[in-house]
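*Asks:* following is a predicted model, sequence given first.
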Amino acid sequence: SAERATHRNGHRTKTVSTTSGDVEVKIPKLRSGSFFPSLLERRRRIDKALHAVVMEAYVHGVSTRSVDDLVNALGVSSGISKSEVSRICAGLDTEIAAFRERPLTHTEFPYVFADATFCKVRVGAHVVSQALVVATGVSLDGTREVLGTAVGDSESFEFWREF
């Protein structure tokens, strides 16, 4: 028809790793212009759900090499390299930085609660107990929001004052 903008010229395959295993997707090639499905992201072979699984495993202390075993157990035969795991988890650092630097001027917090709990964390080659401090604000309408967190060796006066 006269409204037709372009013609298809075959397809190319792309392997996308999902939590259900590897999926082969055929992406149409066009004679003019380009087409990329909105379901997929450019230059990413891992879908968002598997991305989240990798990040969650990393946060829970699973080594980057062990993440490959986890991904294989999920049915992704192509696996994932330790450098890919590191690249994915580098995104966590930017998200944490954005959380810490976000403005808190969107509402008032008449009530602020601060508490600490001790958790086992790996510091170098040793597992030690450290204090995790969390400040939670309660707004006028009763909604709660985490205002900030910090990790320290103890609940000393200096640590609380710095927090």
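*Replies:* Thanks, I have it.

*Asks:* in stretch 80-99, what counts as buried?
*Replies:* Residues of stretch 80-99 classed as buried under the neighbour-count rule (16 or more other CB atoms under 10 Å) are 80, 84-85, 88-89. Quick note: C-beta positions are derived from backbone N, CA and C, even for glycine.

*Asks:* Glu155: which of these is nearest?
*Replies:* Cys89 (28.9 Å; CB to CB).

*Asks:* what is the nearest of the buried residues of stretch 80-99 to Ala73?
*Replies:* Ile80 (11.7 Å).

*Asks:* outside of the lengthiest helix in the chain, which residues touch it?
*Replies:* Scanning the chain for the helix with the most residues, using DSSP state H, yields helix 82-100. Taking contacts as CB atoms under 8 Å, 6 or more residues apart in numbering, the residues outside helix 82-100 that touch it are 46, 51, 54-55, 58-59, 64-65, 67-68, 148.

*Asks:* for that helix, the distance to its chain's centre please.
*Replies:* 7 Å (CA atoms, centre = their mean, to the nearest Å).

*Asks:* whatever helix or strand comes next after that helix - contacts with which helices or strands?
*Replies:* Secondary structure here is assigned by DSSP states H and E; on that basis, the next helix or strand after helix 82-100 toward the C-terminus is strand 111-123. Under the contact criterion of 3 or more CB pairs under 8 Å, 6 or more residues apart in numbering; DSSP states H and E, the helices and strands touching strand 111-123 comprise strand 126-138.

*Asks:* direction included, what does the strand it packs on pair against?
*Replies:* strand 111-123 (antiparallel), strand 144-152 (antiparallel) (DSSP bridges).

*Asks:* can you list those strands in JSON lines and add distance to Ala135?
*Replies:* Converted to JSON lines, these look like this (distance: least, CB to CB, whole Å):
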{"stretch": "strand 111-123", "distance to Ala135": "5"}
{"stretch": "strand 144-152", "distance to Ala135": "4"}
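
*Asks:* which among those strands is found nearest to Ala5?
*Replies:* strand 144-152 (47.6 Å).

*Asks:* CA-only coordinates of the closest one in CSV, if you can.
*Replies:* What follows is strand 144-152, C-alpha atoms only, in CSV (Å, rounded to 0.1, in the frame of the first residue of the first chain):
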residue,chain,number,x,y,z
ARG,A,144,7.3,6.4,56.7
GLU,A,145,10.5,6.9,54.7
VAL,A,146,14.1,5.8,55.3
LEU,A,147,16.1,9.0,55.6
GLY,A,148,19.6,7.4,55.8
THR,A,149,21.7,4.5,56.8
ALA,A,150,25.3,4.0,57.9
VAL,A,151,27.6,1.2,59.0
GLY,A,152,30.2,1.5,61.7
